[in-house]
Structure formats: C-alpha cells, structure tokens
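In: Have a look at this fold, sequence not included:
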C-alpha cells in the first residue's frame with residue numbers, strides 16, 4: 001500500500017465496516033512493523049460476494065503484484081465463508097492524505 005499502487009482495499013461487510021463512507025479517513029495498521037498509513041476513502045461499494053466484486057472492480061487495483069486469476073482464492077483464504085456471507089466492501093482511495101510520502105507513518 002505504501003508504494004501507492006494498491007488503491008482498493010477489500011473488507012468483509014461487518015457492521016463496523018458498513019459505517020465507512022466517502023471522505024472518511026481510514027488508518028491501516030501493519031501488525032508486523034507497527035507502521036500506520038492513513039488514506040481518504042473516495043468510494044465504498046458493497047457487493048454480495050467476492051465474485052460480484054471481481055466482476056466489477058479492477059483486480060490490479062486490489063492486488064497490483066498478484067495474478068488476477070488467483071485473487072478470488074486469495075480473498076477466500078483471508079475471509080472465511082461466514083464473513084463473505086455478510087457481504088464484501090471495496091474501499092477505493094488514492095493516498096491523498098499521505099502526501100508527501102515521508103509524512104506517512
């Protein structure tokens with residue numbers, strides 16, 4: 001994400017995530033390093049499943065380094081079926097709040 005190539009984050013549509021809206025700042029935490037990255041959400045789009053999401057969103061914006069044909073399996077490896085059943089969210093952003101890069105934590 002810090003390389004600014006990933007511009008869509010995928011999350012399960014848990015109740016606390018459904019409150020996120022356009023213009024909100026979201027802080028991503030790296031559990032390994034403790035670093036944080038703030039981004040401004042421009043769009044949040046709900047989908048009923050990962051298949052629906054991948055039919056509409058650009059896989060390269062979700063995982064710029066991964067093969068698009070593996071993205072569905074990768075997402076399902078992160079989110080169990082009961083979480084996907086709640087729906088999924090695409091949070092689109094452009095790293096606006098992280099300019100300049102040294103200001104990112």
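Out: Good, I have the coordinates. From a predicted model like this one, the values you see are computed outputs, not experimental measurements. Residues are numbered from 1 along each chain as shown.

In: Tell me the confidence at residue 37?
Out: For residue 37, the model assigns a pLDDT of 82.

In: Count the neighbours of it for me.
Out: Using other C-beta atoms under 10 Å, residue 37 has 17 other residues around it. (Each C-beta comes from the backbone N, C-alpha and C, glycine too.)

In: I'd assumed residue 28 was in contact with it.
Out: Yes - Residue 37 lies in contact with residue 28 (C-beta atoms under 8 Å); the separation is 4.7 Å.

In: Quick check: buried residues in stretch 75-93?
Out: In terms of neighbour count (16 or more other C-beta atoms under 10 Å), stretch 75-93 has its buried residues at 75, 79, 84, 86-93.

In: want to throw those into JSON lines with pLDDT, distance to residue 45 and secondary structure?
Out: Compiled in JSON lines, the buried residues of stretch 75-93 are given as follows (pLDDT from 0 to 100; distance: C-beta to C-beta, whole Å; DSSP: H, G, I helix; E, B strand; the rest coil):
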{"residue": "75", "pLDDT": "96", "distance to residue 45": "15", "secondary structure": "helix"}
{"residue": "79", "pLDDT": "93", "distance to residue 45": "16", "secondary structure": "coil"}
{"residue": "84", "pLDDT": "95", "distance to residue 45": "15", "secondary structure": "helix"}
{"residue": "86", "pLDDT": "94", "distance to residue 45": "15", "secondary structure": "coil"}
{"residue": "87", "pLDDT": "96", "distance to residue 45": "11", "secondary structure": "coil"}
{"residue": "88", "pLDDT": "96", "distance to residue 45": "9", "secondary structure": "strand"}
{"residue": "89", "pLDDT": "96", "distance to residue 45": "7", "secondary structure": "strand"}
{"residue": "90", "pLDDT": "96", "distance to residue 45": "5", "secondary structure": "strand"}
{"residue": "91", "pLDDT": "94", "distance to residue 45": "8", "secondary structure": "strand"}
{"residue": "92", "pLDDT": "93", "distance to residue 45": "7", "secondary structure": "strand"}
{"residue": "93", "pLDDT": "88", "distance to residue 45": "12", "secondary structure": "strand"}
